[in-house]
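Engineer: Provided below are the primary sequence and the corresponding predicted coordinates.
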Amino acid sequence: MLSIRSLSKKFKAGNFGVRNFSLEVESGILGLLGPNGAGKTTLMQMVATLLKPTSGEIRFRGIDVAEEPDALRARLGYLPQNFGVYDNLTAREFLTYIASIKGVRSKYRVQEMLEAVNLHTSAERPLAGFSGGMKQRLGIAQALINEPDLVIVDEPTAGLDPEERVRFRNLLSEVAEGRLVILSTHIASDIESSATRIAILREGSLVVCGSPEELLQAAVGHVWETVVSSSELEHLQSHSRVSRAVRRSDGVHVRFVGSEAPVSGARQPSPTLEDAYLHFMSSPEPQGQPGK
Amino acid sequence: MRHVSRIGAVLWTDLLIRIRKPSTLVSFLLLCFVAYLWVPDPDSGLALMTFAKQRVLYNSPAMAFATAVLGSVSLVLLGFYLVSHSISHDVRTRCGQVIAATPTTNWEYLIGKFLGNIAFLSLLTAGYLLSSIVMQGVRGEAPLDLGAYFSHYLMMLPPPIVFVSSVALLFESIPRLAGKLGDVLYFFLWGLILSLPVGLGSLPGGNPAMYFDFTGMALVEQGLLSQPGAESVSIGVSPFDPDLGVRVWDGIEMQRSWIVSRIVSVLASLPLLALAALAFHRFDPTRSRSLQTPSGKGWLRRLDLLTRPVGRRVGSVFLAGSRRTHGLSRAVLSDAALTLQNNPLGGVALLATVVLSLLAPLSLVARLLMPLAVAAWAILIAGISNREQRAGTVDIIGTVPRLADRYLLWKLGVSLLLGFGFTLVGILKLSVVAPGSALSLLGGTLLVASAATALGSLAGTPKAFIVLFLSFWYVSLNDGGNTPALDFAGFFGTADTGVRLFYLVLAIALLLLAQLVYRARAR
């Protein structure tokens, strides 16, 4: 469905936003995971035809996106990071505007989307009074209004409360049926349960891409848990990636990622996606596929 | 069909957003007030139009002609500031990125915005026309002739509406011109547009500028040439000699060639739209980012880097002072330091003004240096009282003890502190030989600081203050002190105590209004 080959974006200042990035994905949810500045947004902006690549190729269903951007744009839904709205419009007016811009002909589609994101009761209210979560839901509604084949959502859960995040995740899982959803985040739990494939980026390059199960499997044997004293914690932090440290009466309960345990008596729990993420982020070289 | 639908959607949404802004209502009410001011009661000794000090009768052709001319000149200036920043709004909200990811072409988007500008300015013009007609009902001295109004307005106003709609988009499409720099540069472009057609009118073989006469000034000159007393025509509020009686004037006689020149003037604006399409960034993040943060390797950036050490040094003087104080004075000094560090050119201008004020002869200080210094200072402080709103740091200010309650006082303090940096040496030098002028300069500094604080806070952008200040500054300098009431800062030494008091009251009134609105918003 989406094929990215040797994609690079070099900025005027000389730094690379994305460097030699290659990926092939079919329908489902592709989660892009990486720290701030890893190149997630740059990559998404290039796929969304906002930014021209310096080199490389993006093909969607065989069509070269650089040569025929409108062919993709007609089938694209995009929700940018920190999405704002026109405060003076109502939700219905805003969606009607985006529907016209996208060439949506059905006059019922706006109402359908308002109901899908549960904003139909607030449809006539000015957007200035909407909460962050309501604005994000409106954002996803505008992205889906043209029934796109490719949906790109950039950090959609930033600023949402836990309940809104769960609702948003479920909504994306529903819309991913038969289409490709690319979702970027730096919070592993946002995609742990919903993504069909996860790509981890670092400094503009692909570190690894695989299914959540594959990534978790690759982290088996690299995650440790133990109870240490405060002084041992310092030693541990300097030798491995600590993913969690909780102070209790019997000492500090530590979970860390590393190829071997720096302290004796550590046990190996089942890795979470966050553990897998830290494992791959601490790897010296990009791996492409997990296990390779 | 889809092209029309997309253009229509952009147009309608743009218009809807603008109509619902509170500033549109304010603009509309201001227009009505301006129409009221421009048609004074002849018993006051002032008239809308005079020929060699002879008042023109308030009949429909004269009133339509004069109000259309004044409307056209104002529209080319104010219209730009009213309609610009519509693309920047899409950049800020990221709605532009959503649009860029759709099949909407650059042309569809820009034509939609262009027509949105035209529709909005036409609505305002219609309101102004209505106000002028109402004013004839109030002050008219002859029966109302609607045809005279429509023909004059149709002759005068379409070229400025189309020109402003195009040039605003062109400025917005070039990231360097999309902010404060563009706002200031446009003011000087307006001066050029206003004077060039009239200046070229003296060329042998006709006036080529007739075809690029966006304000209609060349047409006005042509139309009045054959009229007796045309060597001294005044349009706008001006005094007249009642002993000369009243002149019945039936307006200018429309000629077919003028209609052609007006149509050509409308069409001449359209290449600006094509240029805008060429320069348009289509919300490419690497290009549109500079709308908010200047970067790159352009001349402005180089100048900024060149002046930064000096600007920072000047700013550090205020910063050092802030460390020795507490409370509001500390906040004032810190903000002044921040302002100069953000605008190093302002720091250089401040330093240069102080040095030149000390060295230059008094006449030069009063008539040349101070007007330039006040303009530079005004541009520097235009964004101070709305910086937090634009940067989204209002809530942070709210956490500083008692600062939010004294927000306007704080911002006024910063503007005044920087203002006195520019004018204090001038005030002191003037106080020795011309204490009246020194008082006026002191009052002018207070007025400009108050206006910048009040208008900046009310509008939430520096734009409203910049345009109003520069217009007033331009009129004041052009007047050269002939009208004492316009000598707001004593540049020409003609302002008397009454004028000084008036500006003092105006400054206080503006601050009170801003404080009322600020409190209402805070609730």
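Structural biologist: Now that the structure is in, tell me what you want to look at.

Engineer: near chain A, which residues of chain B show up?
Structural biologist: B:2, B:5-6, B:8-10, B:12-13, B:16-17, B:20-21, B:89, B:92-95, B:97-104, B:282-286, B:296 (CB under 8 Å from any CB of the partner chain). Any C-beta I mention is one placed from the backbone N, CA and C, and that applies to glycine too.

Engineer: now restrict those residues to buried residues only.
Structural biologist: Buried subset of the residues of chain B next to chain A (neighbour count, 16 or more other CB atoms under 10 Å in any protein chain shown): B:6, B:9-10, B:12-13, B:16-17, B:92-95, B:97-104, B:282-286.

Engineer: just the ones of those residues in helices?
Structural biologist: With helices taken from DSSP state H, the overlap with those comprises B:6, B:9-10, B:12-13, B:16-17, B:92-93, B:95, B:97-100, B:285-286.

Engineer: report the buried residues of the lowest-mean-pLDDT helix or strand in chain A.
Structural biologist: The least trusted helix or strand in chain A, going by mean pLDDT, DSSP states H and E, turns out to be helix A:230-239, with a mean of 80. Using 16+ other CB under 10 Å as the test for burial, helix A:230-239 gives A:232-233, A:236.

Engineer: what about B:Q255, how many residues nearby?
Structural biologist: By the measure other CB atoms under 10 Å in any protein chain shown, the count of residues near B:Q255 is 12.

Engineer: do the same with B:L154
Structural biologist: For B:L154, using other CB under 10 Å, the count is 12.

Engineer: now it, what's its secondary structure?
Structural biologist: With DSSP: H, G, I helix; E, B strand; the rest coil as the basis, the three-state label of B:L154 is helix.

Engineer: how near is it to B:L115?
Structural biologist: Separation of B:L154 from B:L115 (CB to CB, to the nearest Å) stands at 19 Å.

Engineer: ok, the spatially most central residue of chain B - contacts?
Structural biologist: A centroid search over chain B (CA atoms, centre = their mean) returns B:V467, at 1.9 Å, as the residue closest to the centre. Neighbouring residues of B:V467 by CB atoms under 8 Å, 6 or more residues apart in numbering or on different chains: B:77-78, B:81, B:183, B:187.

Engineer: B:L30: which of these is nearest?
Structural biologist: Using CB to CB, B:L78 is the member of the contacts of B:V467 that sits closest to B:L30, with 9.1 Å.

Engineer: what is the nearest of the buried residues of helix A:230-239 to chain B?
Structural biologist: A:L233 (33.4 Å; CB to the nearest CB).

Engineer: OK, contacts around the spatially closest residue to that closest one that is not a sequence neighbour?
Structural biologist: Spatial nearest neighbour of A:L233, excluding adjacent residues (CB to CB, 6 or more residues apart in numbering or on different chains): A:V252 at 5.0 Å. Applying CB under 8 Å, 6+ apart to A:V252 gives the contacts A:227-230, A:232-233, A:245-246.

Engineer: for B:P22, phi and psi?
Structural biologist: Backbone torsions for B:P22, taken as degrees, to the nearest 10, come to phi -60, psi -30.

Engineer: how many other residues sit next to it?
Structural biologist: Neighbours of B:P22 (other CB under 10 Å): 10.

Engineer: cool, B:G498 as well?
Structural biologist: Residues lying near B:G498 (other CB under 10 Å) number 10.

Engineer: thanks a lot, see you next time.
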